[in-house]
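Peer 1: need coordinates for the following:
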Amino acid sequence: MNPTIRRSLALASSLSVLAVPAALAQHPDLEEVVVTASPLRSSAMDLAQSAVVLSGDDLTRNIGSSLGESLASQLGVTASYFGPKASRPIIRGLSGERVLMLLDGASALDVSNLSPDHSVAVEPLLAEQIEVLKGPTTLLFGSGAVGGVVNTVDGRIPARRDGESVAGGLELRGDTASDERSIAGRLDGTEENFGWHVSGYSRETDDISIPGLDWSRYIIERELAEGADIDATDGSVPNSDSESDGYTAGFSWFGDDSLIGFSYGRAETNYGLPGPGEHAEEEGPEDPLAAEETIRIDQQSDRYDFRAEWDELGGFVDSIGLRAAYVDYQHVELEGSEVGTRFDQTGLDTRLHVGHRELAGWSGTFGLQYTALDLEAVGAEAYIPPAETTGLGVFFLEQRKFADWTVDVGGRVEQQEIEVPDDRKDYDGTAFSVAAGLLWDWSDELALAVHLTRSERHPQAAELYADGPHLAVQRFEIGDENLDTEIANTIDFGLRREGSIAWRASIFYSDFSDYIFPSPTDLEEDGLQVFVYRQQDAEFYGVEGEVEFPLWSSGERALTGKLGADYVRGKLANGDDLPQMPPMRVTGLIEYDDGPLHGSLGVAWYDEQNDLAENELPTDGYTMVDFEVSYRWERWKPGVLFFLRGSNLLDEEARRHSSPLKDYVPLPGRNLTLGVRIQR
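Peer 2: Numbers count the residues shown, from 1 in each chain. Below is the predicted model:
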């Protein structure tokens, strides 16, 4: 096998599932997939860490209504699903503050980490590649990456001077479950030492169609037992529609071994918040769930990105990279035509990487990161006070090869301060994190990988200072200004085999000290149960695995099969289950390839979830049957891709246990997505 491709596989599939390794193994002439979130570039291909990478036609076929929905079918990943637009990725049961969202390697700088009803300010329609990373590399991006990092690459700052003088693409797609109508396009060009990029998109959807009632049988039984009225809707989820549009423009100047680039982008989204409030009758001002008007979120952000790189500097310092992003973000929560709550945040994320030449066999990078967030929430659901958060981090990542062994080590020290304007105590703390990974190429086909991580996470503003009704999750939240850093010790052990029969399997265990979570109490405030942020030891453990095998082949025609499964469990030290843990999942897939023609038929079985936290209701299991057909017409390079995807062909009632609204908002019913992607 080509050694470059082999190094790519070592990174991307050492412990978990990767969307592309089997294709590379069978077609070694394909372009190498580079994981851009690592500053080590080529040497990062030997990192002993888990990764999921979606790119090319595979990404086009998997793009969903949001970033979470685009990744939810990947093993080890699910999504929160506060409706199709507000869906944030969850990695191995960890979400929110513990999973970082990046856009082209810099923080998304939105407020999706504060509440599951806030959408991620990243549009997957424009993505060239989506990467999900865990392990040592995540220490480069912040102490909050204990769960992992999701990096969306859209090429808004041109990085290649050897491209076409002018190249572009246009994509049209629509579906039947939400009546989606979307269009996205881009143009890229180079002229001598100058590169430029423009892109834009527009997407509209209606209320999603479902096979039955939007309320689950468990919530109906509970409401009937309490003598409440049932006002469920049959066949659709009210107020689940959305409108999104945006554009980006960027340019770069290329030197012999340098790059300086800048981009500006604007994104606007308006979407409804489905849930029990859509059906509640007006019962007076004391009922927080009663709503005469539907609730919608109107979100907009202006993003400025800067990138500078200098390579081949000739001394001990081999390269320097500077990455910065500034975002002016705001959204209003509309109750009819009235503004209920307004969130305003300005954020700055800057990171300096210094790569050095080999020293005593070690090569790697070190650097600094500075972040600043200024958040203010005003209105009925302003449950957190204005807060200014600043952080300064110092990090390193080193790698060395010993014959068939590759060792990665990384570390991070991060100082964080949070200032609030009232008499509550400001936060000032230091977090220390270290990680080590080991990859052993046992043979040309078999490899063993393990990585150990000890990470500390700072408490965030909502966990420290919350004091008010958080209606999206139907509770009154109270923070604790005395919270300490959260510590996680994680071991991830995996085996992988490449060849005609390729398989990957991993076992992971995380031991949390002072895990931060909202704990229910017996108190009630404003008609809502009071939850107080507390700390207690906890543990997460699970397994993931996938095997891919040939069924038949003849020339360019090939039929392959794939089987996979994943499972995660999260528990507190007192034995209580943590909420919204995804159930066991088992998947099967048959793929057919014949030159430009691709087809697949997949089945995913989700177990019922009966390991419940306090106040949680069970979730029934379900089976999803999907298919894909695509054809690439190569009239020119790269050509035109026609694709058709069918989802939930059995029209099953499917509820995602990781969703706070799973008893009110099921997943879409039977759905057909049709699209065309033109590239020139």
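Peer 1: CA only for contacts and neighbour counts going forward, please
Peer 2: Fine.
Peer 1: what about the helices in the stretch 301-450 of the chain?
Peer 2: Assignment of helices within the stretch 301-450 of the chain using DSSP state H, counting those that start in this stretch yields no ranges at all.
Peer 1: quick one, strands of it?
Peer 2: Taking DSSP state E, counting those that start in this stretch as the test, the strands found in the stretch 301-450 of the chain are 317-335, 338-359, 362-379, 387-402, 405-419, 427-440, 446-457.
Peer 1: now do the longest one against strand 317-335, angle only.
Peer 2: Which is strand 338-359. With axes from the mean of the first three to the mean of the last three C-alpha atoms, to 10 degrees defining the directions, strand 338-359 sits at 170 degrees from strand 317-335.
Peer 1: please apply the same query to the fifth one.
Peer 2: Here strand 405-419 runs at 50 degrees with respect to strand 317-335, directions being taken by the same axes, to 10 degrees.
Peer 1: tell me which of the strands of the stretch 301-450 of the chain sits nearest to residue 85.
Peer 2: When these are compared by C-alpha to C-alpha, strand 317-335 sits nearest residue 85, at 14.3 Å.
Peer 1: tell me, please, where in the stretch 251-400 of the chain the pLDDT is lower than the cut-off.
Peer 2: The stretch 251-400 of the chain contains residues with pLDDT under 70 at 277-293.
Peer 1: now stretch 480-492 - C-alpha only, CSV.
Peer 2: The C-alpha atoms that make up stretch 480-492 are tabulated as CSV, following Å, rounded to 0.1, in the frame of the first residue of the first chain:
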residue,chain,number,x,y,z
ASP,A,480,-22.8,27.5,41.9
GLU,A,481,-20.1,30.2,41.9
ASN,A,482,-17.9,27.8,43.9
LEU,A,483,-17.6,25.1,41.2
ASP,A,484,-14.0,23.8,40.7
THR,A,485,-12.5,22.4,37.5
GLU,A,486,-13.8,19.1,36.2
ILE,A,487,-11.2,16.4,35.7
ALA,A,488,-11.5,13.5,33.3
ASN,A,489,-9.1,10.5,33.1
THR,A,490,-9.7,8.6,29.8
ILE,A,491,-8.2,5.5,28.3
ASP,A,492,-9.1,4.5,24.7
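Peer 1: out of the strands of the stretch 301-450 of the chain, deepest packed?
Peer 2: strand 446-457 (a mean of 23; mean count of other C-alpha atoms under 10 Å).
Peer 1: burial count for the closest residue to residue 387 other than its chain neighbours?
Peer 2: Leaving out its chain neighbours, the residue that sits closest to residue 387 by C-alpha to C-alpha, 6 or more residues apart in numbering is residue 420, at 4.8 Å. Counted with other C-alpha atoms under 10 Å, residues neighbouring residue 420 total 17.
Peer 1: heads up, I number from 86, so please use that
Peer 2: Noted, 86 is the first residue going forward, which turns the last one into residue 505.
Peer 1: quick check: residue 505 vs residue 227, distance?
Peer 2: Applying C-alpha to C-alpha, to the nearest Å, the value for residue 505 to residue 227 is 22 Å.
Peer 1: ditto for residue 392
Peer 2: In this structure, residue 392 and residue 227 are 19 Å apart, going by C-alpha to C-alpha.
Peer 1: check residue 743 too.
Peer 2: If you go by C-alpha to C-alpha, the gap between residue 743 and residue 227 works out to 24 Å.
Peer 1: out of those two, which sits in the busier spot?
Peer 2: Remark: of residue 743 and residue 227, residue 227 carries more neighbours, 29 against 21, as counted by other C-alpha under 10 Å.
Peer 1: quick one, what contacts that one?
Peer 2: Contact criterion C-alpha atoms under 8 Å, 6 or more residues apart in numbering gives 478, 499 as the residues in contact with residue 227.
Peer 1: okay, it: pLDDT?
Peer 2: Here, the pLDDT recorded for residue 227 equals 83.
Peer 1: helix/strand/coil for it?
Peer 2: What DSSP: H, G, I helix; E, B strand; the rest coil gives for residue 227 is coil.
Peer 1: look up how far residue 553 lies from it.
Peer 2: Taken as C-alpha to C-alpha, the spacing of residue 227 relative to residue 553 amounts to 28 Å.
Peer 1: report how many residues lie close to residue 643.
Peer 2: A count of nearby residues for residue 643, using other C-alpha under 10 Å, gives 16.
Peer 1: where's the helix or strand containing it relative to the chain centroid, distance-wise?
Peer 2: Assigned by DSSP states H and E, residue 643 belongs to strand 642-657. Per C-alpha atoms, centre = their mean, to the nearest Å, the displacement of strand 642-657 from the mean C-alpha position of its chain is 18 Å.
Peer 1: and what of stretch 385-405?
Peer 2: Offset of stretch 385-405 from its chain centre (C-alpha atoms, centre = their mean): 24 Å.
Peer 1: residue ranges with poor pLDDT in the chain?
Peer 2: Per-residue confidence of the chain (counting by pLDDT under 70) places the weak regions at 86-135, 220-221, 248, 362-378.
Peer 1: can you do 80?
Peer 2: Of all residues in the chain, those with pLDDT under 80 make up the ranges 86-136, 219-222, 228-229, 245-249, 360-378, 421-422, 465-466, 720-723.
Peer 1: which residue is most remote from the mean position of it?
Peer 2: With C-alpha atoms, centre = their mean as the measure, the chain has its most outlying C-alpha, relative to the mean C-alpha position, at residue 312: 40.3 Å.
Peer 1: just checking, residue 305 is part of a helix?
Peer 2: Yes - using three-state DSSP, the assignment for residue 305 is a helix.
Peer 1: can you tell me the closest non-neighbouring residue to it?
Peer 2: For residue 305, ignoring the flanking residues on the chain, the nearest one in space by C-alpha to C-alpha, 6+ apart is residue 315 at 6.8 Å.
Peer 1: what pairs with the spatially most central residue of the chain across the strands?
Peer 2: A centroid search over the chain (C-alpha atoms, centre = their mean) returns residue 174, at 3.8 Å, as the residue closest to the centre. On the basis of DSSP bridges, residue 174 takes part in beta bridges with residue 164.
Peer 1: what's the burial count for residue 321?
Peer 2: Burial measure for residue 321: 23 neighbouring residues, criterion other C-alpha under 10 Å.
Peer 1: before we move on, the earlier item: how many neighbouring residues does the residue nearest to residue 305 have?
Peer 2: Residue 315 is flanked by 14 other residues according to other C-alpha under 10 Å.
Peer 1: buried set for stretch 642-658?
Peer 2: 643-657 (16 or more other C-alpha atoms under 10 Å).
Peer 1: oh sorry, the question was meant for stretch 210-228
Peer 2: Within stretch 210-228, the residues that count as buried by 16+ other C-alpha under 10 Å are 210-228.
Peer 1: in strands only, show me these.
Peer 2: Using DSSP state E, the members of the buried residues of stretch 210-228 that fall within strands are 214, 215, 216, 217, 218.
Peer 1: sec struct for residue 566, please.
Peer 2: Reduced to three states by three-state DSSP, residue 566 is coil.
Peer 1: which residue, other than its chain neighbours, is closest to it?
Peer 2: Of all residues beyond its chain neighbours, the one nearest residue 566 is residue 549 (4.5 Å), with distances taken as C-alpha to C-alpha, 6+ apart.
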